[in-house]
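Enquirer: Here you go, sequence then predicted model.
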Amino acid sequence: MFAPINSRVINNLGRNSLVTFTRSVAQITSIHAITSIKTEPSVKQHTVEEGNKRKMLLERPGLFGIKRGMITWFTEDGLNHAATVVEIDSCEVVGHKKKEETGYDSVIIGAIDKLKNVRNADLKKFTEAGVCPKQKHGEFRIRGTNEAGFIPVGTELRADYFAVGQMVDVAGITKGKGFAGVMKRHGFKGLKATHGVSKAHRSAGGMGGNQNPGRVLPGKKMAGRMGGRNNTAFNKEVLHVDGDAGVLILKGNIPGPNKSIVKIRDAVKLYGQSLNVLAKQ
């Protein structure tokens with residue numbers, strides 16, 4: 001708001017007229033003149049509750065299995081596919097986590113009986129659930145909108161938990177390759193075999209020192225430790241299940257070496273939805 005604060009009158013005798021000059025400056029209203037207004041606090045998008053709403057979640061949990069190796073699987077049409085055999089051993093429900101306590105809903109699954117060297121904290125947890133101590137246990141987040149997803153504690157989940165023909169996601173830790181060069185680790189072409197190249201055929205070459213800003217930028221692909229990282233193989237088809245034998249055969253390869261523990265769940269890209277999308281429907 002602008003308001004006049006000073007004015008002066010000059011009598012111009014030459015023109016016999018009256019001229020008025022007015023100078024104005026910005027007026028700042030006192031903060032005490034404004035009534036205080038209480039606004040609702042904004043929703044923090046990084047909280048556990050809000051972050052869980054954006055995740056792609058499934059209606060039911062998954063299983064833990066043991067990778068046993070790869071085979072050739074023949075179909076009824078005479079076609080053969082590379083397949084992976086996964087063993088499901090003593091997979092049971094250990095507990096639940098509810099949104100009211102942790103901010104998200106999940107089911108804790110344990111697999112592979114462990115008969116010695118069990119910590120007291122874990123032993124108490126398994127005793128309350130009424131199951132044998134497990135070598136591997138972890139949680140699977142679910143939507144929580146359907147109570148059927150909370151499988152009762154102590155229930156054993158067998159290989160026929162999945163159906164033949166459905167798609168699953170398999171998560172595991174990839175094989176450790178040790179220190180590897182850029183050609184093996186990142187697929188670089190390498191340098192020439194002749195024409196002046198000496199003892200540097202598999203190197204990365206120039207790193208950009210002759211350009212602006214004249215230094216190697218962070219994140220540059222270089223030689224280093226390869227493998228040993230979390231990896232998920234999406235949309236693997238289930239070829240065969242045997243609940244009594246605990247055998248699950250999946251089409252294609254999955255991450256990890258033989259005898260490693262993998263995490264198997266329904267394909268989240270096909271069967272998963274976020275809570276935000278469900279709320280809009």
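Expert: Sure thing, it's come through.

Enquirer: okay, CA-based contacts and neighbour counts for the rest of this
Expert: Will do.

Enquirer: Show the secondary-structure elements that whatever helix or strand Gly51 lives in is packed against.
Expert: Per DSSP states H and E: Gly51 is located in helix 48-54. Judged by 3 or more C-alpha pairs under 8 Å, 6 or more residues apart in numbering; DSSP states H and E, the packing partners of helix 48-54 are helix 275-280.

Enquirer: any chance you could map the helices in the stretch 151-281 of the chain?
Expert: Per DSSP state H, counting those that start in this stretch, the stretch 151-281 of the chain has helices spanning 182-186, 268-271, 275-280. These are given in chain order.

Enquirer: how about these, which one is nearest Arg68?
Expert: The closest of these to Arg68 is helix 268-271. By C-alpha to C-alpha, the value is 24.1 Å.

Enquirer: in that closest one, what counts as buried?
Expert: Within helix 268-271, the residues that count as buried by 16 or more other C-alpha atoms under 10 Å are Val268.

Enquirer: and it, C-alpha only, in CSV?
Expert: Taking Å, rounded to 0.1, in the frame of the first residue of the first chain, the C-alpha atoms of helix 268-271 are listed here in CSV:
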residue,chain,number,x,y,z
VAL,A,268,4.5,-57.2,-8.7
LYS,A,269,4.3,-55.7,-12.2
LEU,A,270,1.4,-57.9,-13.0
TYR,A,271,-0.5,-58.4,-9.8
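
Enquirer: thinking again about what came up before, I'd like the helices of the stretch 151-281 of the chain laid out as CSV, including mean pLDDT and distance to Gln135.
Expert: As requested, the helices of the stretch 151-281 of the chain are arranged in CSV below (pLDDT from 0 to 100; distance: least, C-alpha to C-alpha, whole Å):
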stretch, mean pLDDT, distance to Gln135
helix 182-186, 96, 33
helix 268-271, 95, 26
helix 275-280, 92, 32
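
Enquirer: what about those helices, which gets the closest to Met207?
Expert: With respect to Met207, and counting by C-alpha to C-alpha, the nearest of the helices of the stretch 151-281 of the chain is helix 182-186 at 12.3 Å.
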